Structures are given as structure tokens and as C-alpha cells.
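Asks: Have a look; sequence and predicted model below, questions after that.
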Amino acid sequence: MATVELVAQDAWLTWPVVTFGRQGAYCINDQRISMTFISITRLHVRSYLYLPVFVWRAQQSISQSQSAPGFIHGRLMRESSNTWWTITAWDTDAAMNAFRTSGAHQSVMPKLMVWCDEASVVHWTQPTTDLPTWAEAHRRMLAEGRFSKVNDPSPAQIAKEIPAPIPTRITRELQPATPPR
């Protein structure tokens, strides 16, 4: 077991050695601790003309996520301004990327550049599977997020502004299609 020893007031203190890996885990004294990969997206649909197809394709992506290997759980919210937020938790970043680059989600991503005038995303890892609050999602989006390409960006997208979410009653909790073992 590797440790770091420090001397403090004639007493020996032993500190754990912490190492971080790329696949959503870290180790303390060679014991693997899983990390949860959190993904937040924010999309603003620029016209009501795109709303029916957006909702239909979003439902397909939601169903795909709930059946995807590594999906833990998530949350969806629609604000009254046609802004859609998602929070999802995954076993690893590789699991989320496998979902993102396949099936319904992969086929709809290019269309979002036309349908949306605002789009942003943020990811991080954390030691629990707890989903962040909408306020925490917004804070992280501002501090660590990135803007996605859209064909007709809104003034807010151009100015790199992300208004705080206004939680509504239009929310949905997402669970895996088959509970994890």
C-alpha cells in the first residue's frame, strides 16, 4: 500500500494516496471507487414550427437513453420559453458517449443545429449518483459548460448568456428501462 507520510509536531500522520483514472473511477490506497458521470444539456427550440418534431425525436432519444447500458437515471424539464434541460447520470463517460453516438440520439443531433437557436452542454464526474438541482446545473453550465453550434444563434447564444432555469411543472424523472443489478 502506497502512502504519503508527513511529520507534524513529532507525530507521524499517514495520508491516503488518491489516484484518478479516465474511466469514471478513482482509487484510495488501491481500492477502486466508482465515479458517476453527469451530463447536462440545455436546448432552446427557436420556433413553434419545430416543436412537434422536436418533442417526437426527444421522446425517441429519451427511450434510447433509458435502455442504454450504463444509464443510471435522469431528469427532464421544459421551461415555458421552449427551453429544454436534461440531467443524466451514467456509469462512465464511455457509456454516455456510446449512447450519444448511436441510434435516435445520433440521428437527431445534426437537426438540432436547425431547430435550436441556443444549445449548451456541461459534463463532470462525482462520487454519488445524486442528480444536481436545476440551480446547480445552471451554475455548472455557466462555469464549465460549452456552447454547441447552431445555424441561427439567438442574441443570448451570441453573447454566451445562459438564463437561469425557471422550474415548471413540466418535468419528468427518467429511470432505466430495466433496473440495474
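Replies: Okay, I see it.
Asks: mind checking how far the most centrally placed residue in the chain is from L131?
Replies: For the chain, the residue sitting closest to the mean C-alpha position, by C-alpha atoms, centre = their mean, is S39 at 0.9 Å. The gap separating S39 from L131 is 11 Å, by C-beta to C-beta, to the nearest Å. From N, CA and C alone the C-beta is placed, and that goes for glycine too.
Asks: what touches both of those two?
Replies: I87, A89 (C-beta atoms under 8 Å, 6 or more residues apart in numbering).
Asks: Could you count how many residues lie near the residue lying closest to A68 once chain neighbours are set aside?
Replies: Spatial nearest neighbour of A68, excluding adjacent residues (C-beta to C-beta, 6 or more residues apart in numbering): F99 at 4.2 Å. As a burial measure, F99 scores 23 neighbours (other C-beta atoms under 10 Å).
Asks: per-residue confidence for F99?
Replies: pLDDT, F99: 96.
Asks: list the contacts for I170?
Replies: M77, R78, E79.
Asks: which one of the residues you listed has the most neighbours?
Replies: That'd be M77 among the contacts of I170, by other C-beta under 10 Å, with 20 neighbours.
Asks: Quickly note the distance from that one to S47.
Replies: Counting by C-beta to C-beta - M77 and S47 are separated by 20 Å.
Asks: Ok, Q66 next?
Replies: 28 Å.
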